[in-house]
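Asks: sequence and predicted structure are below.
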Amino acid sequence: MLVIVVVLLWALDVSLAYIAEGLFILMMLVLGATFLFFVYTAVSMIGSKKRRVRFDRTDKPEGASFPSAVYIADGEELRNAFPNEFVFKKRLYRTEREVFVRVTKRGKVYDLYSRVTVYLGTVLAGASLAALIVMFTRMF
C-alpha cells in the first residue's frame with residue numbers, strides 16, 4: 001500500500017524530497033506510537049502487585065490472535081498481557097516451579113519475559129525515535 005502511494009505521488013510529479021520527508025514523518029509517528037505503548041505499559045506496571053504463581057498452560061483466548069500464558073494463583077487463572085514465546089516455549093514456561101509476576105489493577109499479568117520486553121521496548125523505541133528526530137532535523 002505504501003509503495004503504491006509513493007509511486008502515485010512520484011507519477012504525479014511530487015518532489016522526491018517531499019516524499020522522503022513524508023516517509024520520515026510516517027516513521028516518526030509509528031515509532032512514537034510504539035514508544036507511547038511501551039511507556040503506558042511500563043507505567044501500568046508501576047502500580048501492580050507482586051504475586052507468586054505457577055504456570056499452567058498456553059492457549060488462545062476467544063477473539064485473540066495469539067496464544068498467551070495462563071498462570072494459576074490461589075485457584076484463580078491469570079492470563080499474561082503479552083503473547084507467549086514460541087521459540088523457547090519449553091524452557092521459559094515450566095509447570096514445576098513457582099514464579100513471581102506483576103498483576104495490574106485491571107488483572108493483566110506481566111511475567112519476567114513481558115517485563116523485559118516492556119523495559120527493552122521502551123528504551124529501544126525511545127532511542128530510535130530520538131535518533132530519527134535528530135536525523136530528520138538535520139536532513140530537512
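Replies: Great, that's in hand. If you're wondering where the values come from, they're calculated on a predicted model, not measured in any experiment. Numbering: from 1, shown residues only.

Asks: what average pLDDT does the one helix or strand residue 38 maps to get?
Replies: Element membership for residue 38, per DSSP states H and E: helix 16-46. In this model, helix 16-46 carries a mean pLDDT of 94.

Asks: what's the first helix or strand after that helix?
Replies: strand 49-59.

Asks: for the helix holding residue 38, packing partners?
Replies: helix 2-11, helix 112-139 (3 or more C-beta pairs under 8 Å, 6 or more residues apart in numbering; DSSP states H and E). Yep, even glycine has a C-beta here, placed from its N, CA and C like the rest.

Asks: what's stretch 37-56 in contact with?
Replies: 69-73, 77-78, 81, 93-95, 97-106, 108-110, 115, 118-119, 121-122, 125 (C-beta atoms under 8 Å, 6 or more residues apart in numbering).

Asks: gap between the two ends of that stretch?
Replies: 28 Å (C-alpha to C-alpha, to the nearest Å).

Asks: now restrict the contacts of stretch 37-56 to buried residues only.
Replies: Buried residues within the contacts of stretch 37-56, counting neighbours by 16 or more other C-beta atoms under 10 Å: 69-71, 73, 78, 81, 93, 101-104, 108-110, 115, 118, 121-122, 125.

Asks: list the ones among these that fall in helices.
Replies: With DSSP state H as the criterion, helices contain 115, 118, 121, 122, 125 from among the buried ones among the contacts of stretch 37-56.

Asks: for the third one, which non-adjacent residue is spatially closest?
Replies: Read that as residue 121. residue 38 (4.3 Å; C-beta to C-beta, 6 or more residues apart in numbering).

Asks: what is the neighbour count of the one you found?
Replies: Residue 38 has 20 neighbouring residues, counting by other C-beta atoms under 10 Å.

Asks: where's it relative to residue 85, distance?
Replies: Distance, residue 38 to residue 85, by C-beta to C-beta, to the nearest Å: 18 Å.

Asks: please apply the same query to residue 92.
Replies: Counting by C-beta to C-beta - residue 92 and residue 85 are separated by 5 Å.
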